[in-house]
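**Q** need the 3D shape of this:
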Amino acid sequence: MARNRRAVSAAVRKRKRQQKANDNSPHGQLHDQPSDEVVVATSAVDLTEQNAVQSPLLRLPAELRNSIWKLAYSDRYINVSMHRFMPRGHYFLHFEGQAPDLVCKQHWAEVVLMFMQTCTFSFEDEDAFEEFLTTDSSIIAQVRRIAFQIDFSHYIKMSNAGNWVDLLRMMILLSKERLKGSHYSTTRWEDALIRISGLSDKLESLEGVQISAKSEPVKHWKSKPFDVSGDSNWEEVGMAEIVRFFQQYRLKRELTSYVVTRFEDHEEDLDRFAQLSAQVRDHLLDYMGYERMNVE
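**A** Okay, here's the model as predicted:
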């Protein structure tokens with residue numbers, strides 16, 4: 001009885017004939033027809049030359065392109081926050097901002113360095129900053145500018161709360177924010193900076209810090225000048241610890257600022273606000289270095 005032969009497609013038969021021809025060739029697997037891998041590699045090598053021919057923008061001189069990239073992509077902000085992942089309720093880092101578009105490899109290679117050198121990472125709260133520094137991201141070493149806001153109106157303690165009604169009202173507000181899925185930090189900036197003090201060297205390129213203080217405690221900015229070391233009032237609100245943390249870096253004056261904002265306008269106190277901002281800024285620029293900070 002004759003055995004049934006398995007049907008073989010035309011493509012399989014063609015491949016077998018080609019394999020047999022290659023085996024019989026004196027050059028073995030080598031043949032004149034280039035493979036797909038060779039074609040891809042060749043096109044990758046000619047990418048810049050091809051862009052210079054086909055792209056009106058990329059055919060411009062490099063100096064002119066760099067000027068265009070600077071105008072288009074410099075001084076941007078990347079907002080870093082903690083978002084809640086439903087339904088389990090876990091929080092994760094979320095980045096939002098105007099990063100360069102992924103147009104092509106050459107465009108990205110030319111703009112990414114300039115973008116990282118001039119962009120500011122703005123942190124929504126201290127938890128986002130702490131989570132960012134504890135990651136293994138290579139971006140941390142490239143960060144040169146950061147910004148954040150301190151809301152002193154949330155610095156409520158049981159001992160100095162005006163009354164229980166105010167304290168409970170704040171606790172209810174925090175609970176509602178959590179129910180909506182928002183991340184509402186109840187910790188303090190100085191506490192987070194103390195916890196990550198051992199990771200401060202990861203910000204090896206840091207050059208500028210922008211701090212906005214909201215609702216500055218009246219008793220502090222009306223009493224006496226800011227003292228980073230010996231003023232118990234400033235220690236109480238944590239500003240001394242915050243300043244000492246950033247004294248580890250060689251900050252640039254033009255990239256460093258401290259601005260006081262408030263809920264009510266007090267025109268007679270504008271000069272005092274300006275003086276306080278200048279004092280804190282000068283302390284931020286007073287470089288202490290890693291070794292001295294670690295010893296203390």
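
**Q** please count neighbours and contacts with C-alpha atoms only from this point.
**A** OK.

**Q** and the strands in this structure?
**A** 77-85, 90-97, 120-123, 145-151, 208-214, 257-261 (DSSP state E).

**Q** give me the neighbour count for residue 132.
**A** Neighbours of residue 132 under the rule other Cα atoms under 10 Å: 20.

**Q** my guess is it contacts residue 92. True?
**A** No. The pair residue 132 and residue 92 fails to qualify as a contact (Cα atoms under 8 Å) at a distance of 9.9 Å.

**Q** okay, now the unreliable bits of this protein?
**A** 1-46, 84-90, 153-187, 215-237, 262-269, 290-296 (pLDDT under 70).

**Q** could you redo the last one with a cut-off of 50?
**A** For the chain, the stretches flagged by pLDDT under 50 are 25-45, 156-164, 167, 171, 175-184, 186, 292-296.

**Q** in it, which spans are helices?
**A** 10-24, 36-45, 47-54, 62-73, 105-118, 126-133, 164-179, 189-195, 218-221, 232-237, 239-246, 270-284, 289-295 (DSSP state H).

**Q** buried ones in the fourth one?
**A** Along helix 62-73, the positions that meet the burial threshold by neighbour count (16 or more other Cα atoms under 10 Å) are 65, 69, 73.

**Q** with distance to residue 209 added, can I get the residues you listed in CSV?
**A** Shown next, in CSV, are the buried residues of helix 62-73 (distance: Cα to Cα, whole Å):
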residue, distance to residue 209
65, 29
69, 24
73, 20
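
**Q** which of the residues you listed lies closest to residue 56?
**A** Top of the list for closeness to residue 56, among these and by Cα to Cα, is residue 65 at 11.0 Å.

**Q** what's near enough to touch the closest one?
**A** 57-58 (Cα atoms under 8 Å, 6 or more residues apart in numbering).

**Q** count the neighbours of the closest residue to residue 261 other than its chain neighbours for me.
**A** Using Cα to Cα, 6 or more residues apart in numbering and skipping residues adjacent in sequence, the residue nearest residue 261 is residue 214, 4.9 Å away. Counted with other Cα under 10 Å, residues neighbouring residue 214 total 17.
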